[in-house]
Each structure stands twice: as C-alpha cells, then as structure tokens.
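**Student:** For reference, the sequence and a predicted model appear below.
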Amino acid sequence: MSARDFDCIVIGAGVQGSFTAYHLAKHGKRALLLEQFVLPHSRGSSHGQTRIIRKAYEQDFYTQMMEECYHLWSQLEKEAGVKLYRQTGLLLMGPEKGRDFQLFKNTMHRNKIPTVTLEHAEFSQHIPQVNRYPGDGAIVDTTAGVLYADRALKAAQDVFRSLGGVIKDGEKVTDIKPGPLVTVTTVSSVYRAKSLVITAGPWANTLLSHTGLQLPLQAVKINVCYWRERTPGTYSVENRFPCFIHVEVDGVEHHIYGLPSNEYPGLMKVCYHMGSETDPDERDRQTDRSDIEIVSRYIAARFPGLVPVPAVVESCMYTVTPDHHFVLDRHPSHSNIVIGAGFSGHGFKFGPIVGKVLGELALGQVSSYDLSPFRIRRFPSHSKSAL
Ligand SMILES: Cc1cc2nc3c(=O)[nH]c(=O)nc-3n(C[C@H](O)[C@H](O)[C@H](O)COP(=O)(O)OP(=O)(O)OC[C@H]3O[C@@H](n4cnc5c(N)ncnc54)[C@H](O)[C@@H]3O)c2cc1C
Ligand SMILES: O=C(O)[C@@H]1CCCC=N1
C-alpha cells in the first residue's frame with residue numbers, strides 16, 4: 001500500500017467525521033481524515049465549548065441510540081483522560097397538553113428514562129429563576145447534561161492519531177472519482193481508498209455534486225447568544241441550574257433552548273433552534289437577527305434574572321433536512337461511498353454512535369441500528385443521482 005492508499009477516506013473533521021475516523025482506526029483500518037481548514041476551526045457546525053446531551057427526544061429511535069452513546073462518550077473520556085460530560089439534567093418545558101411536550105414525555109416514559117416531573121409548587125421551589133406560565137408542564141431528564149464540545153473533538157482526533165490514523169488539515173477536497181477504488185483529489189494531493197465517507201456538514205452538497213447526488217439540505221446560520229446574569233451565578237452549573245428546552249413557545253415555530261452559565265462567567269447561552277439560510281462560504285454575510293429578537297422577547301418574559309440584550313453573539317451553522325432527521329446511508333449509485341449529513345442542529349451528542357454506524361457502512365457491515373429513518377430514499381422527489 002502506498003502512502004496515498006487507504007482502507008477508507010473520511011472527508012470533514014467535524015464531530016461526525018472525527019468519530020467515523022476514530023471508529024475505523026479502532027477496527028484496525030488505515031484511515032485518512034481530510035479537512036479543508038486548519039484545525040481547530042470555527043467555520044462549520046462542531047466548534048464552541050458546549051453542547052447538550054440528552055435522552056429526551058420525541059422519537060424512540062433517537063432515545064434508544066443515546067443509550068449506547070453515553071457509554072461511548074464515557075469510553076472516550078477514559079481513553080483521552082479528559083472530562084467531556086457534566087450531568088446537569090435537562091428541563092423540558094411547554095404547554096402540558098401540547099403535541100411536542102406530550103411526545104417528549106411519552107418517549108421518556110416508554111423508554112424508562114429517569115425523570116422528575118415538576119408540578120407547579122415544586123417548579124417555583126426548584127427553579128425560582130424561571131417564570132412558569134399557566135398551562136406549562138415541566139419534566140426533567142435527569143440523565144442529560146453538557147458536553148464539552150471543543151475538547152471532545154480534539155479528544156476523538158487525538159485518539160484517532162494515536163491509533164495510527166492520518167489527519168491532513170488545510171487540505172480541501174476538490175474532486176471525487178467514484179469506482180471500486182475511490183479517488184479523492186485535494187488542493188495538494190491525490191488519494192485512493194476502498195471506501196469513502198462524506199461528512200462535510202453544510203458543504204455536503206458541494207461534495208456530493210462530484211458523485212451526481214444532491215440532497216434536500218438547507219444550511220442555516222445560527223446566532224449563538226450569551227445573555228448576562230443580573231446576579232452572576234443565578235443560572236450557573238454550580239447553582240444546579242439545568243439545560244433546558246422550551247417547546248411550542250407562544251407564537252414561534254421552533255424550540256428555544258439554553259445551557260447553564262459555565263463557559264463565560266456570568267453569561268448564559270440561550271438560542272433559537274433555527275436560523276436563516278446561508279451559503280456556508282459566505283456565512284458572515286448573513287446578518288439576519290430575527291432569531292435574536294425572538295430569544296430576547298422570550299428572556300424578557302421568562303428569565304427575569306437575565307438582561308434581555310445579548311452580551312456575546314457567536315456564529316455556527318446547522319444543515320437541516322426537511323424532516324429534521326439525519327442522513328446516514330450509502331450512496332444510491334456507489335455502495336462504497338457513505339454519507340453522514342443533515343444533522344439538523346442536534347447531531348453532536350450522537351457523534352460516537354454516528355461514527356460507529358458510518359464506519360460499519362464503510363466497512364460493508366450490517367449496521368447495529370435500524371437506519372430506515374435516516375435513508376436517502378425518504379426524499380424521493382428531491383435526491384437525484386446522475387452518474
Ligand atoms: C449553535 C449550535 C448549537 C448546537 N447545539 C447542539 C446541542 O446542544 N446538542 C447536539 O447534540 N447538537 C447540537 N448542535 C448540532 C451539532 O453541533 C451538529 O449537528 C454537528 O456539529 C454536525 O457535525 P458535522 O460533522 O456534520 O459538521 P461540521 O462540524 O460542519 O463538519 C464538517 C467538516 O467538513 C469540512 N469540509 C467541508 N467541505 C470540505 C472539503 N471540500 N474538503 C475537506 N473538508 C471539508 C468542514 O470544514 C467541516 O470541518 C448545535 C449546532 C449549532 C450550530
Ligand atoms: O440537540 C440539542 O439538545 C439542542 C437543544 C435543542 C435544540 C437543538 N439542539
């Protein structure tokens with residue numbers, strides 16, 4: 001095998017590509033992870049200090065995947081010798097009789113996820129920092145918490161390297177030639193491999209165009225807002241404030257979510273779970289702030305301990321599918337090309353399991369999970385394969 005020949009090439013060193021490469025190296029495969037930017041970078045979807053991890057979901061299949069995923073996160077913590085997870089619980093709020101609240105609640109109960117339901121009196125006793133509205137339900141997924149995202153990405157990449165994996169960063173892929181051996185051309189070299197995994201985040205369709213496939217993916221810019229506590233520590237991890245998701249907030253289409261103040265002292269991250277469409281190469285030209293206005297109004301009404309003007313605004317991107325479910329599948333025309341895309345703003349926590357599943361597909365194995373919710377063929381009128 002020459003230095004440019006691999007068992008598998010993975011394009012994109014975000015959370016999903018890094019964990020796919022990690023999984024392949026753990027299985028003794030010679031893997032190459034290609035990244036267009038110099039690592040670490042903040043131009044995709046996986047940067048930033050924190051993400052929510054939870055078992056609370058509307059669908060059983062996500063909740064069930066999280067069961068093993070928690071073990072895989074803890075395994076990486078041990079291998080890398082770093083703390084990646086902090087348990088805080090996740091407070092789910094929303095109209096008690098509403099569809100979304102009921103879906104979350106029923107999934108948690110059906111799957112026997114440890115929960116605590118907060119009735120009105122208990123809510124004001126345990127969460128005095130939030131104004132609860134009449135008719136709102138509140139239930140806590142006690143398994144949930146915070147993942148230290150930047151640290152986690154580095155840990156997966158470090159372990160991958162320590163197992164003999166090769167990372168080439170600052171090396172943008174410019175062409176893909178499908179075949180029994182896939183040829184991948186970058187700005188500075190040409191590589192070949194028995195299989196290829198494309199985990200390119202918001203750039204997925206740019207890369208897929210070399211293979212004759214386009215998916216219904218929308219890249220959106222998210223304004224990541226941090227809000228100042230009037231009294232520092234009010235909503236902090238130390239003060240046992242949990243992560244939260246508020247569903248079906250009055251008059252807005254998408255969830256609002258937040259994490260306890262932690263990474264920036266005195267500031268709490270609260271965001272709207274959607275943004276405005278962007279070209280990933282022109283992210284900073286998307287200047288729409290309507291999501292910030294939505295969160296600001298929400299904070300003024302519900303979080304009296306926060307100043308409703310953002311103190312820090314950072315940028316990140318989601319790659320959204322029409323049903324907000326992931327794409328985890330083989331290419332319809334080239335079975336040795338595997339695609340992980342469309343993580344729709346909730347994929348980080350699944351990194352280790354997504355890496356496992358994509359690695360299995362790349363190795364021609366049967367997946368450990370039922371992948372029917374994630375198949376490309378669920379988009380019949382949109383996906384097209386020209387090759
Ligand atoms: C603000 C925000 C908050 C979020 N909160 C949560 C949360 O609380 N919990 C949760 O589970 N998830 C959350 N998510 C979602 C999660 O972070 C994403 O689903 C996940 O990071 C997607 O990872 P990815 O690897 O698919 O994409 P990316 O991280 O974008 O990685 C793709 C990589 O491919 C590279 N690439 C692209 N084209 C090429 C090319 N031609 N050549 C080489 N490399 C290329 C890119 O540079 C990039 O590094 C959040 C996302 C955002 C933006
Ligand atoms: O995935 C998550 O947990 C977060 C919070 C809810 C909306 C999206 N991301």
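**Tutor:** In hand now; what should we look at? Ligands and ions are numbered 1, 2, ... in the order given.

**Student:** neighbouring contacts of the top helix by length along the chain?
**Tutor:** In the chain, with assignment by DSSP state H, the single longest helix is helix 60-80. By C-beta atoms under 8 Å, 6 or more residues apart in numbering, the residues outside helix 60-80 that reach it are 22, 53-57, 83-85, 107-108, 110-111, 113, 143, 147, 152, 155-156, 158-159, 349-350, 352-353, 356, 368-370, 373. Bear in mind the C-beta positions are built from the backbone N, C-alpha and C, glycine included.

**Student:** any idea how far that helix is from the chain center?
**Tutor:** Its chain's C-alpha centre and that of helix 60-80 lie 14 Å apart, by C-alpha atoms, centre = their mean, to the nearest Å.

**Student:** how about the following helix or strand past it, does it get close to ligand 2?
**Tutor:** Downstream of helix 60-80, the first helix or strand assigned by DSSP states H and E is strand 85-87. No. Shown here: strand 85-87 not in contact with ligand 2 (C-beta under 6 Å from any ligand atom), separated by at least 13.3 Å.

**Student:** What strands line up against the next helix or strand after strand 85-87, and which way round?
**Tutor:** On the C-terminal side of strand 85-87, the closest following helix or strand by DSSP H and E is strand 90-95. Here strand 90-95 has these sheet partners by DSSP bridges: strand 136-141 (antiparallel), strand 243-246 (parallel).

**Student:** average pLDDT across strand 90-95?
**Tutor:** For strand 90-95, the mean per-residue pLDDT is 97.

**Student:** what sits up against that strand?
**Tutor:** Strand 90-95 is contacted by residues 52, 54, 56, 100-101, 104-105, 118, 127, 130, 132, 135-141, 144-145, 242-249 when judged by C-beta under 8 Å, 6+ apart.

**Student:** ok, residue 129 - contacts?
**Tutor:** Here residue 129 is in contact with 234, 235, 241, 303, 304, 305 (criterion: C-beta under 8 Å, 6+ apart).

**Student:** Of those residues, which pair is most distant in space?
**Tutor:** 241 and 304 (13.7 Å; C-beta to C-beta).

**Student:** neighbour count winner among those two?
**Tutor:** residue 241 (25 against 14; other C-beta atoms under 10 Å).

**Student:** Distance-wise, check the more buried one relative to ligand 1.
**Tutor:** According to C-beta to the nearest ligand atom, to the nearest Å, residue 241 stands 16 Å off from ligand 1.

**Student:** gap between that residue and residue 229?
**Tutor:** 10 Å (C-beta to C-beta, to the nearest Å).

**Student:** Taking the stretch 101-250 of the chain, what residue is nearest to ligand 1?
**Tutor:** Among the residues of the stretch 101-250 of the chain, residue 201 lies closest to ligand 1, at 2.3 Å counting by C-beta to the nearest ligand atom.

**Student:** re the thing from before, please pick the buried ones from the contacts of helix 60-80.
**Tutor:** Those of these that meet the buried threshold are 22, 53-57, 84-85, 107-108, 113, 143, 147, 152, 155-156, 158-159, 349-350, 352-353, 356, 369, by 16 or more other C-beta atoms under 10 Å.

**Student:** Assign residue 257 to helix, strand or coil.
**Tutor:** strand (DSSP: H, G, I helix; E, B strand; the rest coil).

**Student:** which residues pair with the residue nearest to it when sequence neighbours are not counted across the strands?
**Tutor:** Nearest residue to residue 257 in three dimensions, chain neighbours excluded: residue 245, at 4.6 Å (C-beta to C-beta, 6 or more residues apart in numbering). Beta-bridge pairing for residue 245 (DSSP bridges): residue 92, residue 257.

**Student:** And for residue 119, the neighbour number?
**Tutor:** A count of neighbours around residue 119, defined by other C-beta under 10 Å, yields 10.

**Student:** sorry, back to before: got TSV for the strands paired with strand 90-95, with mean pLDDT too?
**Tutor:** Output for the strands paired with strand 90-95, formatted as TSV (pLDDT from 0 to 100):
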stretch	mean pLDDT
strand 136-141	97
strand 243-246	98
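
**Student:** now, of those, which is deepest in the fold?
**Tutor:** Most buried of the strands paired with strand 90-95, by mean neighbour count (mean count of other C-beta atoms under 10 Å): strand 243-246, with a mean of 24.

**Student:** Can the longest strand anywhere in the chain be said to contact ligand 2?
**Tutor:** Scanning the chain for the longest strand, with DSSP state E as the assignment, gives strand 306-320. No. On the criterion C-beta under 6 Å from any ligand atom, strand 306-320 is out of touch with ligand 2, staying 8.4 Å away.

**Student:** Next secondary structure after that strand?
**Tutor:** Counting by DSSP H and E, what follows strand 306-320 is strand 327-330.

**Student:** C-alpha coordinates for that next one, PDB please?
**Tutor:** Extracted C-alpha coordinates of strand 327-330, given in PDB (Å, rounded to 0.1, in the frame of the first residue of the first chain):
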ATOM      1  CA  VAL A 327     -28.900  11.200   6.600                       C
ATOM      2  CA  LEU A 328     -26.900   8.000   7.400                       C
ATOM      3  CA  ASP A 329     -26.800   5.900   4.300                       C
ATOM      4  CA  ARG A 330     -24.800   4.500   1.400                       C
END
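
**Student:** hang on, the earlier thing: packing partners of the longest strand of the chain?
**Tutor:** strand 218-229, strand 267-272, helix 290-302 (3 or more C-beta pairs under 8 Å, 6 or more residues apart in numbering; DSSP states H and E).

**Student:** how about it against ligand 1, any contact?
**Tutor:** Yes. Shown here: strand 306-320 in contact with ligand 1 (C-beta under 6 Å from any ligand atom) through 316, 317, 318.

**Student:** Tell me the residues of the stretch 1-150 of the chain that contact ligand 2?
**Tutor:** 52, 54.
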